[in-house]
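*Asks:* what would the 3D arrangement of this be:
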Amino acid sequence: WEKSGKHKPMGDFRMTLKQILDASNSSVPSGVDVKAKNGKSAGKIIVKSAQIVQRECKTAFSKFSKIPESYANHNAIKPVSFHGKPTFVDYISGGCELQMVTAIDFTGSNGDPRIPGTLHYKHQNGNMNDYEKAITAVGSIIGRYDSDQLYPVYGFGAKFNN
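*Replies:* Okay, the predicted model is just below:
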């Protein structure tokens, strides 16, 4: 995080599930070095605890499979490889949950909502304005995958007459 807003990646690392579980079961903290772009160390990721919270999982590229009971020895862990870029359907079928949240820009740059042609204009004939069209188009798709069917809406930039 940079105060200026120009965030820069510090580095990257890779750990297998086996490494994560082994590190969490070790009495001596161990971890993986994080390498910066220049190849220097940017720190270390140390796993203090790890737990499997769901024994049944579904990946985007496989059918339901059980994580073996014999996880204590970690020998049953097999590397997983993905081919190609996952699609939206891959994420959803893999168990990804979505929550739809909407934010509406009420700043003056969108124009006076009482004037036809502005983004927030409320049509007398019931036609939707541009914001309503966008929210309906996206919401009709994303809303189907929202587990609780609750859609928080936030507004910003509005001025109220007191």
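*Asks:* what stretches of this protein score poorly on pLDDT?
*Replies:* 1-3, 5, 9-13, 28-31, 51-84, 162 (pLDDT under 70).
*Asks:* gap between the two ends of stretch 91-110?
*Replies:* 35 Å (Cα to Cα, to the nearest Å).
*Asks:* can I assume Met15 is in contact with Val34?
*Replies:* No - using Cβ atoms under 8 Å as the test, Met15 is too far from Val34 to be in contact (10.7 Å). The C-beta positions use only the backbone N, C-alpha and C, and glycine is treated the same way.
*Asks:* any residues in contact with both of the two?
*Replies:* By Cβ atoms under 8 Å, 6 or more residues apart in numbering, Met15 and Val34 have these common neighbours: Ile45.
*Asks:* and the residue nearest the centre of the chain, how far from Lys6?
*Replies:* Computing the C-alpha centroid of the chain and ranking residues by Cα atoms, centre = their mean puts Leu98 first, at 8.2 Å. Distance, Leu98 to Lys6, using Cβ to Cβ, to the nearest Å: 29 Å.
*Asks:* repeat for Asn127
*Replies:* Taken as Cβ to Cβ, the span from Asn127 to Lys6 is 42 Å.
*Asks:* so where do the helices sit in this protein?
*Replies:* 17-25, 88-93, 130-142 (DSSP state H).
*Asks:* how many neighbouring residues does the nearest residue to Asp105 once chain neighbours are set aside have?
*Replies:* Distance criterion Cβ to Cβ, 6 or more residues apart in numbering; nearest residue to Asp105, sequence neighbours excluded, is Gly157 at 5.8 Å. Neighbourhood size, Gly157 [other Cβ atoms under 10 Å]: 11.
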